[in-house]
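Q: A predicted structure for the sequence below; I have some questions about it.
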2 protein chains.
Amino acid sequence: MQDLKELSNIKCFGNLSKNELKLLASIARKRNFSKGEVLFYEKDEPRYLTLLTSGTLKVYKTDPKNNEIILHRFLPGTLVAEMAVLEGIPYPASACFESDGSVIEIDFIRFKKEFLTNPDIALNFFKSLSRKIKYLEDVIALNIVLDSTARVAKYICENDDALGMKHNQLSQYLHMTPETLSRIFKKFTKLGFLVKEGSNYKIIDKESLTILFE
Amino acid sequence: MQDLKELSNIKCFGNLSKNELKLLASIARKRNFSKGEVLFYEKDEPRYLTLLTSGTLKVYKTDPKNNEIILHRFLPGTLVAEMAVLEGIPYPASACFESDGSVIEIDFIRFKKEFLTNPDIALNFFKSLSRKIKYLEDVIALNIVLDSTARVAKYICENDDALGMKHNQLSQYLHMTPETLSRIFKKFTKLGFLVKEGSNYKIIDKESLTILFE
DNA sequence: AAACCATATTGATATACATCAATAATGAGA
DNA sequence: TCTCATTATTGATGTATATCAATATGGTTT
């Protein structure tokens, strides 16, 4: 791998020196994926530390009835499933690209030896993991407490790209059926919170929407 | 703090030398709590690294209607909310003792300086965080996919103390009402999976129960 | 434009679970 | 043992959301 800039954009490595970055690059390689390709499956053995550099990635589990339960959605610049490689355990979930994208894979054995002894990097790793924990706790609180209407309101208020997503996909994130999502959009439109512009909806009364989940 | 054995029982510190343990003890103190006491509230600023040494602790969020949503239940020997102190952010949830218990509190500033530079400890910390992430992912998968019946089956099969808990408390963990829990116990008894012994239920057909959630 | 596909919407129905209210069982204290 | 308070059970009803089936809409390809 040669592009040091791409490495330094990853939050964890923001404060590495040039020499350290070079060393890191020497044990890293880049891989490209197309939409729909699988990065890893649940129960695979991880060998690399993986950083998402472009595209969006969804992490999901498959239930007995073969439904996907989406646990995470990653945007570029983040570590993916680092715990599996840190612990040396199989991936607890599968990951699949939602769009074309790319990752950087780092040889973990060498990374551990060369970098994990660096307290700055270690602390950055902690932070990355912590953020994930906080996120998951929020997901739990969100999905257990809020009803469908409130979940939709919250998601479209907090994620700019939500209204551009296919209902199919969005409903999956929000753990409801496309039919339910459709009815909620209709309700929001009737209430004057959304308008349909062309084929997409647009928020026109964010304040009212916010009340629904706070 | 003087009892080195208690420190060495914590998973993260299992492989510390005697001198290191002594150093750790010098920046640690023990605190006792009674049932129902609060260890910290959501949004409190963390100052200590906290280890649960006895008792059980529940971590929960409070929703707009003042319901508790339980995120974790900790047993002795584990780190509690380490990410908050690692990141220097407020606690994202509250924690409260379910029984009498005790914790060890470690001065984080000094800990960071003295111990986080030790790759062994750092790696153990990662593992602790990783386990939590895996646990939370399971909680999400569990609660979103499985219906009430399956959740009860799973919990009583996997947690030996579940059948000794008050319905009130157990139903809270499983995110359902005590009434629903009661009806499910009745159903399981009718089906011959449970029997009532005195005032408590007992599993007599674990295999059948297992089928319900796998 | 026409024809076609995927996606969205709508309606009718089913169902799991919550809620509310009443009663029963249990356990602790006098 | 009796009483009282807590917890558990049961029944009746309401409600949100899934499911199933039909229709509509929009975007693409020819």
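A: Yep, it's here.

Q: can you map out the helices along chain A?
A: A:4-9, A:18-26, A:82-87, A:108-115, A:119-145, A:148-158, A:167-173, A:178-190, A:206-211 (DSSP state H).

Q: turn those helices into JSON lines, columns for mean neighbour count and distance to residue B:82.
A: Where you see a C-beta, it was placed from the backbone N, CA and C, and this is true even at glycine. Formatted as JSON lines, the helices of chain A follow (neighbours: other Cβ atoms under 10 Å in any protein chain shown; distance: least, Cβ to Cβ, whole Å):
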{"stretch": "helix A:4-9", "mean neighbour count": "16", "distance to residue B:82": "27"}
{"stretch": "helix A:18-26", "mean neighbour count": "15", "distance to residue B:82": "26"}
{"stretch": "helix A:82-87", "mean neighbour count": "22", "distance to residue B:82": "14"}
{"stretch": "helix A:108-115", "mean neighbour count": "16", "distance to residue B:82": "20"}
{"stretch": "helix A:119-145", "mean neighbour count": "19", "distance to residue B:82": "8"}
{"stretch": "helix A:148-158", "mean neighbour count": "19", "distance to residue B:82": "27"}
{"stretch": "helix A:167-173", "mean neighbour count": "16", "distance to residue B:82": "29"}
{"stretch": "helix A:178-190", "mean neighbour count": "15", "distance to residue B:82": "37"}
{"stretch": "helix A:206-211", "mean neighbour count": "14", "distance to residue B:82": "32"}
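
Q: could you dump these to JSON lines with mean pLDDT?
A: Converted to JSON lines, the helices of chain A look like this (pLDDT from 0 to 100):
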{"stretch": "helix A:4-9", "mean pLDDT": "77"}
{"stretch": "helix A:18-26", "mean pLDDT": "85"}
{"stretch": "helix A:82-87", "mean pLDDT": "82"}
{"stretch": "helix A:108-115", "mean pLDDT": "83"}
{"stretch": "helix A:119-145", "mean pLDDT": "80"}
{"stretch": "helix A:148-158", "mean pLDDT": "95"}
{"stretch": "helix A:167-173", "mean pLDDT": "90"}
{"stretch": "helix A:178-190", "mean pLDDT": "96"}
{"stretch": "helix A:206-211", "mean pLDDT": "94"}
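
Q: these: which one's closest to residue B:124?
A: helix A:82-87 (10.4 Å; Cβ to Cβ).

Q: the closest one and chain B in contact?
A: Yes. Against chain B, helix A:82-87 shows contacts by Cβ under 8 Å from any Cβ of the partner chain at A:82, A:83, A:84, A:86, A:87.

Q: check stretch A:52-62 too.
A: Yes. Stretch A:52-62 reaches chain B (Cβ under 8 Å from any Cβ) through residue A:61.

Q: excluding its backbone neighbours, what's nearest the spatially most central residue of chain A?
A: With distances taken as Cα atoms, centre = their mean, residue A:74 lies nearest the centre of chain A, 1.7 Å away. With Cβ to Cβ, 6 or more residues apart in numbering or on different chains as the measure, residue A:57 is the residue that lies nearest to residue A:74, at 4.5 Å, once sequence neighbours are left out.

Q: same deal with residue A:137?
A: The nearest residue in space to residue A:137 (Cβ to Cβ, 6+ apart) is residue B:71, at 5.2 Å.

Q: for residue A:142, give me its contacts.
A: Contact partners of residue A:142, counting by Cβ atoms under 8 Å, 6 or more residues apart in numbering or on different chains, are A:151, A:154.

Q: how far away is it from residue B:108?
A: 29 Å (Cβ to Cβ, to the nearest Å).

Q: same check on residue A:161?
A: Residue A:161 is 37 Å from residue B:108, by Cβ to Cβ.

Q: so what's the residue count around residue A:34?
A: 10 (other Cβ atoms under 10 Å in any protein chain shown).

Q: give me the domain ranges for chain A.
A: Here chain A is described, according to automatic domain parsing, as comprising the domains A:2-118, A:146-213.

Q: around DNA strand D, which positions in chain A sit nearby?
A: Proximity of chain A to DNA strand D (Cβ under 7 Å from any atom of the strand) is limited to residues A:147, A:148, A:149, A:175, A:176, A:177, A:179, A:180, A:198, A:199.

Q: so can I have CSV of those showing distance to DNA strand C?
A: Listed next are these as CSV, based on distance: Cβ to the nearest atom of the strand, whole Å:
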residue, distance to DNA strand C
A:147, 10
A:148, 13
A:149, 15
A:175, 14
A:176, 12
A:177, 8
A:179, 4
A:180, 8
A:198, 12
A:199, 8
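
Q: show me which pair in those is furthest apart.
A: The span of the residues of chain A next to DNA strand D, defined through Cβ to Cβ, is set by A:147 and A:198 at 29.1 Å.

Q: show me what contacts residue A:4?
A: So residue A:4 contacts A:18, A:21, A:22, A:25 (Cβ under 8 Å, 6+ apart).

Q: sorry, slip of the keys, the one I care about is residue A:107.
A: Residues in contact with residue A:107 (Cβ under 8 Å, 6+ apart) are A:27, A:28, A:47, A:48, A:49.

Q: show the contacting residues for the first one.
A: The one in question is residue A:27. A:106, A:107, A:110, A:111, A:114.

Q: tabulate those residues (JSON lines), appending distance to residue A:208.
A: Putting the contacts of residue A:27 into JSON lines (distance: Cβ to Cβ, whole Å) gives the following:
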{"residue": "A:106", "distance to residue A:208": "46"}
{"residue": "A:107", "distance to residue A:208": "51"}
{"residue": "A:110", "distance to residue A:208": "54"}
{"residue": "A:111", "distance to residue A:208": "48"}
{"residue": "A:114", "distance to residue A:208": "53"}
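
Q: how about the residues of chain A by chain B?
A: So chain A meets chain B at A:61, A:63-64, A:67, A:69, A:71, A:82-84, A:86-87, A:89, A:92-93, A:112, A:116-117, A:119, A:122-123, A:125-127, A:129-134, A:136-141, A:143-145, A:175, A:214 (Cβ under 8 Å from any Cβ).

Q: one step back: tell me how far the residue nearest to the centre of chain A lies from chain B.
A: Counting by Cβ to the nearest Cβ, to the nearest Å, the gap from residue A:74 to chain B is 14 Å.

Q: excluding chain neighbours, give the residue nearest to residue A:200 in space.
A: Nearest non-adjacent residue to residue A:200, counting by Cβ to Cβ, 6+ apart: residue A:163, 5.8 Å away.
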